[in-house]
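> Provided below are the primary sequence and the corresponding predicted coordinates.
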Amino acid sequence: MLRADPEREDPETLITPSEVARLLFVSPDTVRAWTDAGRLPCQRTRAGHRLYRRGDVDRFAKRDDGRRKK
């Protein structure tokens, strides 16, 4: 389940792996592992840092939530 954050509800907002981790109640390492496995898309900065679109994270959370309930 996602935590509500009114300042970051725009699906185009870019957020860090730490912010994604807080939203999904996992560690940043888990977020990076999901990205490396191709489950969660990210964009990279010129320096190689990962940034995630809020809309992608929201969709991932809805999709992944169904997997966790099994």
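Looks like it came in fine. Numbering: from 1, shown residues only.
> Any stretches of this structure with poor pLDDT?
For the chain, applying pLDDT under 70 flags the ranges 1-8, 65-70.
> Mind jotting down where the helices sit in the chain?
If DSSP state H is used as the criterion, the helices of the chain fall at 17-24, 28-36, 54-68.
> Save those helices as a markdown table, and put in mean neighbour count too.
C-beta coordinates here come from the backbone N, C-alpha and C atoms, glycine included. Putting these into a markdown table (neighbours: other C-beta atoms under 10 Å) gives the following:
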| stretch | mean neighbour count |
| --- | --- |
| helix 17-24 | 19 |
| helix 28-36 | 16 |
| helix 54-68 | 14 |
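> Any chance of a markdown table for the ones you listed, columns distance to Thr45?
Formatted as a markdown table, those follow (distance: least, C-beta to C-beta, whole Å):
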| stretch | distance to Thr45 |
| --- | --- |
| helix 17-24 | 12 |
| helix 28-36 | 14 |
| helix 54-68 | 16 |
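> Arg46: which of those helices is closest?
Arg46 sits nearest to helix 17-24 of all the helices of the chain, at 16.9 Å, using C-beta to C-beta.
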